[in-house]
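Engineer: Quick one, structure for this:
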Amino acid sequence: DVRAADSECVIVCEKTDRLYRNFADMVKVDELGVELHFVKENIVVGPDSRSNDKFIHSIKVCLAKHFSDNLREEVKKGMTEKAKQGIFPSMAPVGYRNTVSGHRKVIEPDPEIAPLVRRVFEAYARKEVSIDGATKLARQLGIKTRSGQPYAPSSISRMLENPVYMGIVRWSGEDYP
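Structural biologist: You can find the predicted model right below:
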């Protein structure tokens with residue numbers, strides 16, 4: 001929590017939309033009582049600024065929020081369209097890897113990890129192991145997260161329930177073959 005000790009405290013930023021993504025950010029920065037310098041916009045806003053400058057600054061914050069919200073919508077729409085086309089729209093689940101086939105980004109079984117994941121699925125399907133047992137088996141087989149950590153039971157449970165292993169992409173609550 002930074003508090004301005006005097007009027008010499010300044011935040012220098014490239015432009016408005018780089019400092020704020022929402023109104024809460026603006027309120028927090030405003031409470032600091034600091035002077036803001038936006039280099040690319042060539043403006044300075046602070047506690048002693050004219051009301052018109054503060055008003056224009058508030059409009060720019062609204063535009064930054066609109067940009068952020070719109071970007072979120074477009075990304076979500078694009079990822080849903082990928083799912084509708086049968087393309088996995090995110091990082092490949094354990095046992096698969098992201099790759100490019102032609103000009104399309106796809107997932108394919110990872111030749112090293114997929115057989116190990118299959119063993120966990122088979123043991124669980126035959127009721128040889130519980131979720132905890134499947135987690136222990138995954139650890140024994142050396143199945144790890146991208147960061148190199150062993151999977152937690154909750155992650156193994158999600159893996160075993162994930163329809164992607166049956167050729168179905170579930171995205172935003174919808175299933176796509």
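Engineer: what's the single longest helix in the chain?
Structural biologist: In the chain, taking DSSP state H as the definition, the longest helix is helix 51-84.
Engineer: Now do the strands in the chain.
Structural biologist: Ranges of strands within the chain are 10-13, 35-38, 43-45, 96-101, 104-109, 169-171, 174-176, based on DSSP state E.
Engineer: so what does the third one touch, helix or strand wise?
Structural biologist: What it means is strand 43-45. Contact partners of strand 43-45 among helices and strands, from 3 or more CB pairs under 8 Å, 6 or more residues apart in numbering; DSSP states H and E: strand 35-38, helix 51-84. Bear in mind the C-beta positions are built from the backbone N, C-alpha and C, glycine included.
Engineer: could the strands of the chain go into CSV alongside distance to Met79 and mean neighbour count?
Structural biologist: Below are the strands of the chain laid out as CSV (distance: least, CB to CB, whole Å; neighbours: other CB atoms under 10 Å):
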stretch, distance to Met79, mean neighbour count
strand 10-13, 30, 14
strand 35-38, 32, 18
strand 43-45, 36, 18
strand 96-101, 14, 13
strand 104-109, 12, 14
strand 169-171, 7, 17
strand 174-176, 11, 13
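Engineer: Compile these into CSV and extend it with columns for distance to Thr135 and mean pLDDT.
Structural biologist: Formatted as CSV, the entries for the strands of the chain read as follows, by distance: least, CB to CB, whole Å; pLDDT from 0 to 100:
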stretch, distance to Thr135, mean pLDDT
strand 10-13, 46, 93
strand 35-38, 50, 94
strand 43-45, 53, 92
strand 96-101, 19, 90
strand 104-109, 21, 86
strand 169-171, 22, 86
strand 174-176, 26, 87
